[in-house]
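**Student:** Sequence unavailable; structure follows:
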């Protein structure tokens, strides 16, 4: 049982973490810290947090676990502000979508307390944000990637892993570099591609006519272009090297398809489309098989 | 009231057209023609068609309206086979996803009967195919684009438009070239991009790890990569010029974003993402407003 958990940023991600720990009876007191008094007040009203704090020293005092779930641009400054008050018995983790940049920032901010920081990334979300969007079951059967540091003690990593497992999540372990390369390919690049397509259409002179005939395929393809521009600007920049590498690989793929089209090479085009269709069908089948496993079997990965 | 409608291809598209006309009491007899006896038999069992035919001459005899709803690769050969039996009182339309190629093929196949052919494209579909997937309400509030020919009489176009309206569809009129340019941008290119992304990931040495961490954003972005490779090969080739033009425009867009990333130009990246997000939100809002209009107000566009 965690006696005290302190959460910076009590919106969807931080709020859901709090609700899940409470539902699992895994925490006694949740303290919330937020930049906007209104948000923190709302989190209190919703029972997400037990106490609100505007003072960092008292907020982190005697905490077993601190989760930083603010927009990633604030992480470095927050870690620096927490550092002087960080007690030896406290473990910190975060929920940022990129990890190598967070590790660099954490080393600079925490200095010789870096061993108390375990970088993390819960792979879960909703279209909505803020405390009202928080759900106790947001993380059930979802993956959480921890990118433990060489300085972390096994017990330190385990405290973070256990908290996420108590939220129903499946914990995975990657290095920060592996994490960033993987998510550049399967998340960051697709977001960039979707934004680029909508922007390309929106800036054409006959944009209105084009949007008029866009249908359900376009709707699904571009859903992620409805995401927060600020958040994805920060992610793209934070993971610049891996995103550019994936973009270059993808652009080469498009150039190849263009050549096949110009040459009217039907069999080769069909081969590309068929391989993609099969890979996607296999992937969906694997997801659906995994989702049918009861969640209590999924912990401890 | 149409006395006789003949449908070539009694799967999702042709079958739904038949069911919708029957539900609207807009047709007396529907004759079905298909390459596979089993499919035609199933359409008979499901009440989609009233009679099956394997003989083109008798199938098209005295038909008021013929719909060609087979895979597009068969359209040219079918039109040529129908031509000798085509009576002056019959109007033909099709349901292909590309139109300039169909017009070229129809002119070659139908000769001086070309004025009886009105090219069409219903913007509706489902993941499933075949007669069992056919729905009487598939076309309700969906767009059907007719790309009428200069040779068509007003009455001829009107017969096709009215049939689609009786299916609940909203009929739009574009030239074949306009149609193909529009759908290259909002449908054909997105399909190609989704196939290319899944193929790019599937052919990497660490593909399994990448797919393991792909989540809901990737799922939606790549849903259209689950579509039929044969169908999309044919569409890509049939609309090659417009697709290549859109692909080039998109590739230029990606090159620009790459430069912004390499230069770490946060404000410019955010501007692109914001413009895309706004355009998509506006588009979704327009769709939702349109969907709330009762369908009987939507005819006659």
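**Tutor:** Received the coordinates, thanks. These figures come from a predicted structure and were not determined experimentally. Residues are numbered from 1 along each chain as shown, chains lettered A, B, ... in the order given.
**Student:** rest of the way, CA atoms for contacts and neighbours
**Tutor:** Noted.
**Student:** Excluding chain neighbours, give the residue nearest to the residue in chain A that chain B sits nearest to in space.
**Tutor:** Using Cα to the nearest Cα, the single residue of chain A nearest to chain B is residue A:221, 4.0 Å away. Residue nearest to residue A:221 in three dimensions, not counting chain neighbours: residue B:221, with 4.0 Å by Cα to Cα, 6 or more residues apart in numbering or on different chains.
**Student:** do residue A:184 as well
**Tutor:** Distance criterion Cα to Cα, 6+ apart; nearest residue to residue A:184, sequence neighbours excluded, is residue A:243 at 5.1 Å.
**Student:** so where's chain A shaky on pLDDT?
**Tutor:** A:292-301 (pLDDT under 70).
**Student:** Tell me which residue is most central in it.
**Tutor:** Centroid-nearest residue in chain A: residue A:97, 4.0 Å away (criterion: Cα atoms, centre = their mean).
**Student:** how about the nearest residue to that residue, chain neighbours excluded?
**Tutor:** The spatially closest residue to residue A:97, leaving aside those adjacent along the chain, is residue A:121, at 5.9 Å (Cα to Cα, 6+ apart).
**Student:** Each with direction, which strands does the helix or strand hosting the one you found pair with?
**Tutor:** For residue A:121, the element it lies in under DSSP states H and E is strand A:120-122. When pairs are called by DSSP bridges, strand A:120-122 turns out to pair with strand A:143-146 (antiparallel).
**Student:** Mind jotting down where the helices sit in the stretch 51-200 of chain A?
**Tutor:** Taking DSSP state H, counting those that start in this stretch as the test, the helices found in the stretch 51-200 of chain A are A:56-60, A:75-82, A:100-110, A:154-166, A:176-183, A:189-202.
**Student:** Who are the packing partners of the first one?
**Tutor:** When contacts are defined as 3 or more Cα pairs under 8 Å, 6 or more residues apart in numbering or on different chains; DSSP states H and E, helix A:56-60 packs onto strand A:27-33, helix A:75-82.
**Student:** got the buried residues for the last one?
**Tutor:** With burial defined by 16 or more other Cα atoms under 10 Å in any protein chain shown, the residues of helix A:75-82 counted as buried are A:75-76, A:78-80, A:82.
**Student:** how far off helix A:100-110 does it point, in degrees?
**Tutor:** Using axes from the mean of the first three to the mean of the last three Cα atoms, to 10 degrees, the direction of helix A:75-82 lies 20 degrees away from that of helix A:100-110.
**Student:** what helices or strands is helix A:75-82 leaning on?
**Tutor:** Using 3+ Cα pairs under 8 Å, 6+ apart, helix A:75-82 is in contact with helix A:56-60, helix A:100-110.
**Student:** The biggest helix by length in chain A near chain B at all?
**Tutor:** What stands out as the longest helix in chain A, according to DSSP state H, is helix A:266-291. Yes - contact between helix A:266-291 and chain B, assessed by Cα under 8 Å from any Cα of the partner chain, occurs at A:266, A:269-270, A:272-281, A:283.
**Student:** May I see those residues organised as CSV, with neighbour count added?
**Tutor:** Shown next, in CSV, are the residues of helix A:266-291 next to chain B (neighbours: other Cα atoms under 10 Å in any protein chain shown):
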residue, neighbour count
A:266, 15
A:269, 24
A:270, 18
A:272, 19
A:273, 28
A:274, 21
A:275, 20
A:276, 27
A:277, 24
A:278, 17
A:279, 23
A:280, 23
A:281, 15
A:283, 17
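**Student:** Run a quick neighbour tally on the closest residue to residue A:153 other than its chain neighbours.
**Tutor:** Leaving out its chain neighbours, the residue that sits closest to residue A:153 by Cα to Cα, 6+ apart is residue A:115, at 7.1 Å. By other Cα atoms under 10 Å in any protein chain shown, 20 other residues sit near residue A:115.
**Student:** count of neighbours near residue A:260?
**Tutor:** 16.
**Student:** ok, and what's touching the helix or strand harbouring it?
**Tutor:** For residue A:260, the host element (DSSP H and E) is helix A:240-262. For helix A:240-262, contacts defined as Cα atoms under 8 Å, 6 or more residues apart in numbering or on different chains pick out A:180-181, A:184-185, A:188-189, A:236, A:266, A:268-269, B:193, B:196-197, B:200, B:236-237, B:240, B:244, B:247, B:251, B:258, B:261-262.
**Student:** tell me the contacts of residue A:79?
**Tutor:** Shown in contact with residue A:79 (Cα under 8 Å, 6+ apart): A:106, A:109-110.
**Student:** Then residue A:67?
**Tutor:** With contacts defined as Cα under 8 Å, 6+ apart, the neighbours of residue A:67 are A:5-8, A:14, A:92-95.
**Student:** at 7 Å what do you get?
**Tutor:** By Cα atoms under 7 Å, 6 or more residues apart in numbering or on different chains, residue A:67 lies in contact with A:6-8, A:92-94.
**Student:** Stretch A:131-142 spans what distance, first to last residue?
**Tutor:** End-to-end distance of stretch A:131-142 (Cα to Cα, to the nearest Å): 20 Å.
**Student:** how far is it from where the chain is centred?
**Tutor:** Relative to the chain's own centre, stretch A:131-142 is displaced by 13 Å; criterion: Cα atoms, centre = their mean, to the nearest Å.
**Student:** rewinding a little: redo the contacts of residue A:79 as JSON lines? Include distance to residue A:136 and neighbour count.
**Tutor:** Below are the contacts of residue A:79 laid out as JSON lines (distance: Cα to Cα, whole Å; neighbours: other Cα atoms under 10 Å in any protein chain shown):
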{"residue": "A:106", "distance to residue A:136": "29", "neighbour count": "23"}
{"residue": "A:109", "distance to residue A:136": "32", "neighbour count": "21"}
{"residue": "A:110", "distance to residue A:136": "31", "neighbour count": "20"}
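**Student:** and chain B, which of those contact it?
**Tutor:** Of the residues in the contacts of residue A:79, proximity to chain B by Cα under 7 Å from any Cα of the partner chain holds for none.
**Student:** Now render these as a markdown table, adding distance to residue A:204.
**Tutor:** Below are the contacts of residue A:79 laid out as a markdown table (distance: Cα to Cα, whole Å):
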| residue | distance to residue A:204 |
| --- | --- |
| A:106 | 43 |
| A:109 | 46 |
| A:110 | 48 |
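**Student:** Could you tell me how far stretch A:218-238 lies from the centre of the chain?
**Tutor:** 13 Å.
**Student:** And for stretch A:222-242?
**Tutor:** Computed by Cα atoms, centre = their mean, the separation of stretch A:222-242 from the middle of its chain amounts to 11 Å.
**Student:** got a list of contacts for stretch A:22-38?
**Tutor:** Outside stretch A:22-38, the residues touching it (Cα under 7 Å, 6+ apart) are A:1-10, A:18, A:21, A:40, A:49-54, A:59, A:136, A:166.
**Student:** May I see the PyMOL selection of the buried members of the residues you listed?
**Tutor:** Only the buried entries of the contacts of stretch A:22-38 go into this PyMOL selection, using 16+ other Cα under 10 Å:
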select buried, chain A and resi 2+4+5+6+7+8+9+10+18+21+40+49+51+52+53+59+136+166
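**Student:** Tell me which of the contacts of stretch A:22-38 fall in strands.
**Tutor:** In strands, defined here by DSSP state E, the members of the contacts of stretch A:22-38 are A:2-8, A:51-52.
**Student:** list the contacts for residue A:157?
**Tutor:** A:118, A:148.
**Student:** any idea how far residue A:250 is from it?
**Tutor:** Look at residue A:157 and residue A:250: by Cα to Cα, they are 35 Å apart.
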